[in-house]
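[1] I need the structure of the sequence given here:
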Amino acid sequence: MPSGIPYRFRRKDADLDEIEAQYPSSRVLPETHEGSGASDDGANKKRKTKELATVRQVFSFGTGPRKKLGLMLGIFCSVLTGCVFPSLAFIMSNTFRTLSAPTEGGDFLGNIRTMALIFVGLGVFALLSMTAQNTLLETAASEMTYSLKTQWFDALLRQDMAYFDIKDVSGTATLISAAGTKFNMGVGRKLGEGIQFFVTFLGGFIYAFYASW
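    As a prediction, the model looks like this:
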């Protein structure tokens, strides 16, 4: 808030500040006019940058079993999906060992059939786990996004009339909708993909060290 605005015109509700703190891009900066000179530059330098939201604050929106179960089960499915590729590396190593074995004697075709069925089963498992991962996390993300938009709008309605005089609120609806879309993507599909790739990265290193030793 610029220091030149009288105290009686400043916002009284802290809820909007808390929500905007979690979305720094949603804050509307004061308009600058050409010809203002070095005074505006000095004011911009003195303007304090608000801290980013913590992980706890980001996931504080939304209540109820749909959000909690969706997050917990979605994260669990993301971990399972991330284990698919390290498991595939292990299965591939056994496959090459089976293919390099002599074809005479033993059940060579039976081993090939078994390996094929394992690949099919792993593909079905990956399909089901990824479907459950995206479905559960998107369900939880929709609940959290709805809560974010509702709290944001309620905080706007609680402001004094002076707040709408000193703030450019013409694009508030678009701003809330755009921020909600980014929030939904971040705590939904992107969250699952991040956990999945991290588990794949970690599992790959673990198997690489195990196989080399």
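[2] quick one: low-confidence parts of this structure?
    The chain contains residues with pLDDT under 70 at 1-50, 101-106.
[3] Give me the buried positions along the helix or strand that contains F164.
    Counting by DSSP states H and E, the element that carries F164 is helix 161-166. Residues of helix 161-166 classed as buried by neighbour count (16 or more other C-beta atoms under 10 Å): Y163, I166. Every residue, glycine included, has its C-beta placed from N, CA and C.
[4] what does stretch 76-85 give?
    C77, S78, V79, L80, T81, G82, C83, V84, F85.
[5] Ramachandran coordinates for F90?
    Per-residue torsions, F90: phi -70, psi -40 (degrees, to the nearest 10).
[6] Can you name the residues that contact it?
    If a contact means C-beta atoms under 8 Å, 6 or more residues apart in numbering, then F90 has Y207 as its contacts.
[7] which residues in the protein form helices?
    Using DSSP state H, the helices of the chain run over residues 15-22, 38-46, 55-58, 65-82, 84-99, 108-157, 161-166, 172-187, 189-212.
[8] What are the buried residues along the fifth one?
    Translated: helix 84-99. V84, F85, P86, L88, T95.
[9] Report the angle between it and helix 189-212.
    For helix 84-99 against helix 189-212, the angle by axes from the mean of the first three to the mean of the last three C-alpha atoms, to 10 degrees is 40 degrees.
[10] just to revisit the earlier point, tell me the one of the buried residues of helix 84-99 nearest L148?
    Top of the list for closeness to L148, among these and by C-beta to C-beta, is V84 at 32.3 Å.
[11] Can you give me the distance of the residue nearest to the closest one when sequence neighbours are not counted to G186?
    Distances taken as C-beta to C-beta, 6 or more residues apart in numbering place A126 nearest to V84, at 4.6 Å, with adjacent residues excluded. Distance, A126 to G186, by C-beta to C-beta, to the nearest Å: 24 Å.
[12] Compare these two (neighbour count), which wins?
    A126 (17 against 14; other C-beta atoms under 10 Å).
[13] Can you give me the distance of the residue nearest to V84 to R66?
    For A126, the distance to R66 - C-beta to C-beta - is 25 Å.
[14] swap in M185?
    M185 is 18 Å from R66, where distance means C-beta to C-beta.
[15] now swap in L128 and tell me
    Counting by C-beta to C-beta - L128 and R66 are separated by 21 Å.
[16] Over to K167?
    Separation of K167 from R66 (C-beta to C-beta) stands at 34 Å.
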